[in-house]
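*Asks:* Whatever this is, show me its structure:
(2 chains)
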Amino acid sequence: MKFARDTWLIFQRQIQLLLRNPVWVFVGVFQPVMYLLLFAPLLKPALNAPTQAAAYKIFVPGLLVLLAIFGGLFQGFGLIAELRAGVIERSRVTPISRLALLLGRSLRDVVSLLVQAVIITLLALIFDLRVFIGDLLLAYLMLALIALMTSAVSYGVALKVKSEDALAPLMNTVAQPVLLLSGILLPLTFAPGWLQGIANWNPFSWAVDGTRALFAGDLGSDKVWQGLSITAVLAALGVYWAARQFARSVR
Amino acid sequence: MIETRGLRKSFRSRAGRETKTVDAVRGVDLDVAKGEIFGFLGPNGAGKTTTLRMLATLIEPDGGEATIAGADLRKDPAEVRRRIGYVPQGGSTWDESTAREELVLHARMYGISKADAQRRAARALDAFQLTEYADRKCKTYSGGQRRRVEIALGIIHEPKIVFLDEPTTGLDPQSRAHMWDEIRRLRADGMTVFITTHYLDEADALCDRIAIMDNGEVVAEGTPTELKREISGDVVLVGLDLAATPQAAQTLDGEPYVNKLETVDEGGLRLYVDEGATAIPQVLRRLDHAGLELRSIELHRPSLDDVFLTKTGRSLRES
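*Replies:* Numbering: from 1, shown residues only, chains lettered A, B, ... in the order given. The predicted model follows:
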């Protein structure tokens, strides 16, 4: 009860600050829209897709997962600014739940990601993308779990390194192979065997496959429950680890 | 209100391949009474902030024990948090929030209901003369205004003790004087105030009792008056012509009220006495008797800097 209240308190505050500066919506959507407009048209011939809509069915889910990974991983920067302003220290001398300090922030990141995802989905509809609403909601759940994990991990790392200079290269180093090995831009069906083998160890590759299956309307596919379970477990682990960083009363 | 025994903390720092252990705080014993302003004085790096952060539950001590407002720091830090307020040195407000939002949020982090938090925020804004700016963003405030918001944050839940880490550092003289009044007001409201400072005049003017910390240890503790009396009594500076100095020294040497006598190179004497106010008339009478003309006479009361110098072997200003 106290935990739910505390989380809501932090979440409310973070959302309020986010709404005060609505530029983020534009910034957050601009880049994916560019991909949608300037990159996606290459895909129909490249993927040998029968129609543009079929190409979008493959590309849009990947793009959304990409957004969830990157959007989350770079949230740590905001936390470093808060650390520097003394806001975190001020929170830590109150009896507020340490997990709430983390979760309130991560939930804000999840909500802002979902807003972006909805905007991009709506735009894709203009390009004849068609998805069942039930499947779409499950895909959003997958995205929410990914964002929850990446943002929590980013906060945890930010608390450990405490400097933007260290966080930026660290996150880029993690994000790049994750991105390339997840088949986000092009499906890994084209990949040679060894690359496929490595990608199988990348949990995000499972998430992308699952999301693609959902966009294809293939709810019964094994990839859906596999992707959801893997992201759910990872999100739980990420939150657990990051909450411990918040709780440690060291410096 | 605060009782610590043997509080210790060391940090491991890595320089290249070697790990070095720095003993930041090496066994601190403190007793702070209810309703007093207790000053924690010392140069930068003496271990003041580390001690304060231990008492405020932000870092875990390596050893020793402490009871704060009746709660055990080691066993029940959560209860300590409920009973104390803490105002960090580097600020604690967010640029894009308003003072009112910060106060309401902070009160609610202590589990206070929304309606009550809003009432408390309004009252605090009023008490700290911030109502006029209450709904402007913190980034628009002056240094003094922002510091007042931060102090208001530290006491919004009416703690028994409030810890202020260098509350006046970086403020202009006027804001500083204003801040002293605010701190005295907290004491008048029955709160125990624990402040760290490296300003001697601040400790002298504001604090009921002080502890001087150096190199991770408390080297002196008492009221400012006690500490100053303890070291040397007063110094009387007698200005004389160079020619008259030896004779004057002869005349005053051996007088019962003079503890120690030194000649000044450019002419004149430095007399160490217990009570300057009673010594001066006697000095004047003796010199007048001997027919010696004096240029000036000056009473020099020992400052906390002298205390610091005696206890640590160096001046606080140098360190």
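*Asks:* Sketch out the low-pLDDT regions of the chain for me.
*Replies:* All of this refers to chain A. Residue ranges of chain A with pLDDT under 70: A:249-251.
*Asks:* wrong chain, I was asking about chain B
*Replies:* If you take pLDDT under 70 as the line, chain B has these spans: B:15-16, B:231-232, B:313-319.
*Asks:* any idea how it splits into domains?
*Replies:* Chain B breaks down into these domains under the TED database: B:2-93+B:141-228, B:232-301.
*Asks:* between these, which gets nearest to chain A?
*Replies:* For chain A, the closest of the domains of chain B is domain B:2-93+B:141-228, at 3.9 Å, according to C-beta to the nearest C-beta. From N, CA and C alone the C-beta is placed, and that goes for glycine too.
*Asks:* next SSE after the longest helix seen in chain B?
*Replies:* In chain B, with assignment by DSSP state H, the single longest helix is helix B:173-188. Scanning forward in sequence from helix B:173-188 by DSSP states H and E, the next helix or strand is strand B:192-197.
*Asks:* Who are the packing partners of the longest helix of chain B?
*Replies:* strand B:37-41, helix B:143-154, strand B:192-197, helix B:200-206 (3 or more C-beta pairs under 8 Å, 6 or more residues apart in numbering or on different chains; DSSP states H and E).
*Asks:* Is chain A within reach of the longest one?
*Replies:* The reference is to helix B:143-154. Yes. Contact of helix B:143-154 with chain A (C-beta under 8 Å from any C-beta of the partner chain) involves B:Leu153.
*Asks:* Would you mark the buried spots in that helix?
*Replies:* By neighbour count on 16 or more other C-beta atoms under 10 Å in any protein chain shown, the buried set for helix B:143-154 is B:144-154.
*Asks:* And the contacts of it?
*Replies:* By C-beta atoms under 8 Å, 6 or more residues apart in numbering or on different chains, the surrounding residues in contact with helix B:143-154 are A:90, B:85-88, B:91-93, B:99, B:102-103, B:106, B:124-125, B:127-130, B:133, B:138, B:141, B:162-164, B:167-168, B:170-172, B:174-175, B:178-179, B:182.
*Asks:* Alpha carbons only: can I get it in CSV?
*Replies:* In CSV, the C-alpha atoms belonging to helix B:143-154 read as follows (Å, rounded to 0.1, in the frame of the first residue of the first chain):
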residue,chain,number,x,y,z
GLY,B,143,21.0,32.0,-4.1
GLY,B,144,19.5,33.1,-0.8
GLN,B,145,15.9,32.4,-1.8
ARG,B,146,16.8,29.0,-3.1
ARG,B,147,18.7,28.2,0.2
ARG,B,148,15.6,29.2,2.1
VAL,B,149,13.5,26.8,0.1
GLU,B,150,16.0,24.0,0.8
ILE,B,151,15.9,24.7,4.6
ALA,B,152,12.0,24.8,4.4
LEU,B,153,12.2,21.4,2.7
GLY,B,154,14.4,20.0,5.5
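*Asks:* From the chain's centroid, how far away is it?
*Replies:* Helix B:143-154 has its C-alpha centroid displaced from the chain centroid by 19 Å (C-alpha atoms, centre = their mean, to the nearest Å).
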